[in-house]
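> What follows is a predicted structure for the sequence shown.
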Amino acid sequence: MNAVLLARLQFAFTISVHIIFPAFTIGLSAFIATLLILWQRTGREHFHRLARFWTKIFAVSFAMGVVSGIPMSYEFGSNWSRFSEVAGNVVGPMIGYEVLTAFFLEATFLGVLLFGWARTPPWLQATAAVLIAVGTAMSAFWILSANSWMQTPAGHVMRGGIAYPVDWFAIIFNPSFPYRLAHMLTAAYLTTSLVVLAVGARYLLVQAFKEEARTMMRMGVGMLAVLGPLQLLLGDQHGLNTLAHQPAKIAAMEAHWRDTGPMDLVLFALPDEHAKVNRAAIAIPHLGSLILTHDWNGRVPALADFAANAQPRVTIIFFAFRIMVGIGLLLIALGLTGALLWWRGRLFTSRWYLRAAGWAWPLGFIAILAGWLTTENGRQPYVIYGILRTQDATSPIAAGTVAASLAAFVLVYGVVFSIGIYYMRKMIRHGPRGAAIATSAVPHALPNQPLASARESTRESRAEPPVI
């Protein structure tokens, strides 16, 4: 357990906790904006109730995303100072742009929604929601651009071991960025759609908030049915891009040890990294080559084609990738099955489907974490691909110091986010009742007490049966 490994574990822990919340808020902001636009166009009050209900949950998730993201900036200086020195001229401005163009936009107009339900006209509420959705997407734009540059660096020159920008367009729109942005945004919308679907399904199982639940079911199923197959196509294009720029990552994802001919598609195996073979493998001949090269007899670079010190570790990447793909196929099946039931008029009465949908809510988050593990571990042993190795990017800091801060992070994150999840669960149990955060109805829900309405929801729901 040296300082490099501990620093990696610390950053992996903080970013794994953090990514859950931005991924959720990206999709949820778009959902809230859609609800308010529908309310403004149709005048149907249940759209407004749903928007206010999900805005409460968005606010808590947004706050936890902010809190969990701040420590990562400090980790760049405390644990990864050499990385900051080498990449700061490129990565630093992009992170700054994210704050200036996205975070301020989100935070400002979230205040309008949180404290302006009874004080602002409908058009301003809808406009604020749209701008929040734009802000969350812009935040993803800048963060994924910075991350993609670390995967496929471009638009810079190296002088004295330091990266200097020479073409910002090439830096921002580096070769992997469009594919990663499309893939991640779609994953965020799918994840939120699954949560919305699960909440609606659980409400219908206990016959609560029927009108709102049916709306959530329709919107959740519709998004899954459309975006699920689309994500499969985006993932294929992202994989082809990765093959072109990071072939070692693809070889690790497929546990492709040696190029002995057309590559099989390994459905399951136990990779043996010592012997460089797959144990208990279940594979389909030639299908890997067909998917990656669109040629039945195509050849794909194997791990043996790369120097030993340039190969990523296989086991984590291999299984994480299959978890992501497996969940993606389940989401497609869930969406298409729901669409079929909807077409037959049985979506709201098929209890087996409602139960399955009600328990499926964590799948999107698990898939995002699995995809993130695949992407970041597949880049190893580099922190900036082909430029800076991970072992050369850390600070001269003692392992014990990193271990102590890691333990503190785990403790604090565990306490803080348990409280946040508890509040969100209570708000969901309370359901979309009336004016969830209207300050005229809840006068104590002032800006210095943003969770006051959540406490009100908790008090009112004590006598109600749990629904989620």
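In hand now; what should we look at?

> Report the buried residues of the longest helix anywhere in the chain.
Ranked by residue count and defined by DSSP state H, the top helix of the chain is helix 3-42. For helix 3-42, a neighbour-count test (16 or more other CB atoms under 10 Å) marks 3-4, 6-8, 10-11, 14-15, 17-40 as buried. Where C-beta positions appear, they are placed from N, C-alpha and C, glycine not excepted.

> same thing with stretch 193-208?
Applying 16+ other CB under 10 Å to stretch 193-208 flags 193-205, 208 as buried.

> With stretch 299-316 instead?
Here stretch 299-316 shows Val300, Pro301, Ala302, Leu303, Gln311, Pro312, Val314, Ile316 as buried, counting by 16+ other CB under 10 Å.

> Name the nearest residue to the fourth one, sequence neighbours excluded.
By that I understand Leu303. Counting by CB to CB, 6 or more residues apart in numbering, the nearest residue to Leu303 once its immediate chain neighbours are dropped is Ala251, at 4.6 Å.

> element containing the one you found, please.
Taking DSSP states H and E as the criterion, Ala251 maps to helix 247-253.

> which residues in the stretch 301-450 of the chain form strands?
Taking DSSP state E, counting those that start in this stretch to define them, one finds strands in the stretch 301-450 of the chain at 382-384, 388-389.

> Which one of those strands lies nearest to Pro71?
strand 382-384 (18.1 Å; CB to CB).

> average pLDDT across the closest one?
Mean pLDDT, computed over strand 382-384, is 92.

> what about the residue nearest to Leu303, neighbour count?
Around Ala251 sit 27 other residues, with neighbours defined as other CB atoms under 10 Å.

> again, but for Ile291
Using other CB under 10 Å, Ile291 has 17 neighbouring residues.

> What ranges does the stretch 251-400 of the chain have for its helices?
Under the criterion DSSP state H, counting those that start in this stretch, the stretch 251-400 of the chain contains helices at 287-293, 314-343, 351-359, 363-378, 399-430.

> quick one, which of the ones you listed is packed in tightest?
Across the helices of the stretch 251-400 of the chain, averaging neighbours per residue (mean count of other CB atoms under 10 Å) puts helix 363-378 on top, at a mean of 22.

> Now do that helix: distance to the chain's middle.
8 Å (CA atoms, centre = their mean, to the nearest Å).

> Can you spell out which helices and strands pack onto that helix?
helix 3-42, helix 177-205, helix 247-253, helix 314-343 (3 or more CB pairs under 8 Å, 6 or more residues apart in numbering; DSSP states H and E).

> Could you tell me the angle between whatever helix or strand comes next after the first one and helix 177-205?
Proceeding N to C from helix 3-42, the next assigned helix or strand is helix 45-78, under DSSP H and E. Angle, helix 45-78 to helix 177-205, by axes from the mean of the first three to the mean of the last three CA atoms, to 10 degrees: 130 degrees.

> Please point out which parts of helix 45-78 sit buried.
So for helix 45-78, counting by 16+ other CB under 10 Å, buried means 46-69, 71, 75-76, 78.

> Count the neighbours of Arg258 for me.
Neighbours of Arg258 (other CB under 10 Å): 12.

> what's the spacing between it and Pro312?
According to CB to CB, to the nearest Å, Arg258 stands 16 Å off from Pro312.

> Kindly report the same for Val4.
Counting by CB to CB, the gap from Val4 to Pro312 is 15 Å.

> hang on, Ser193 packs against Leu227?
Yes: contact criterion CB atoms under 8 Å: Ser193 and Leu227 qualify, at 7.1 Å.

> Mind giving me the packing neighbours of the strand or helix carrying Trp142?
Following DSSP H and E, one finds Trp142 within helix 122-151. Using 3+ CB pairs under 8 Å, 6+ apart, the elements in contact with helix 122-151 are helix 3-42, helix 81-98, helix 104-115, helix 168-172, helix 177-205.

> Determine the angle, from 0 to 180 degrees, between the last one and helix 122-151.
Think helix 177-205. Going by the same axes, to 10 degrees, helix 177-205 makes 130 degrees with helix 122-151.

> Output the contacting helices and strands for helix 177-205.
Helix 177-205 packs on helix 3-42, helix 122-151, helix 210-245, helix 314-343, helix 351-359, helix 363-378, going by 3+ CB pairs under 8 Å, 6+ apart.

> again with the third one
With contacts defined as 3+ CB pairs under 8 Å, 6+ apart, the packing partners of helix 104-115 are helix 45-78, helix 122-151.

> go again using 10 Å as the cut-off
The contact analysis (3 or more CB pairs under 10 Å, 6 or more residues apart in numbering; DSSP states H and E) places helix 104-115 against helix 3-42, helix 45-78, helix 122-151.

> List the buried residues in that helix.
Residues Leu105, Glu106, Phe109, Leu110, Val112, Leu113, Leu114, Phe115 are the ones in helix 104-115 that count as buried (16+ other CB under 10 Å).

> a markdown table please, covering those residues and showing pLDDT and distance to Gly335.
Shown next, in a markdown table, are these (pLDDT from 0 to 100; distance: CB to CB, whole Å):
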| residue | pLDDT | distance to Gly335 |
| --- | --- | --- |
| Leu105 | 83 | 31 |
| Glu106 | 82 | 28 |
| Phe109 | 86 | 30 |
| Leu110 | 84 | 29 |
| Val112 | 83 | 33 |
| Leu113 | 82 | 29 |
| Leu114 | 81 | 32 |
| Phe115 | 82 | 36 |
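
> Looking at those, which is nearest Leu329?
Glu106 (32.7 Å).

> ok, now how distant is that closest one from Ile132?
The separation that Glu106 has from Ile132, given CB to CB, amounts to 5 Å.
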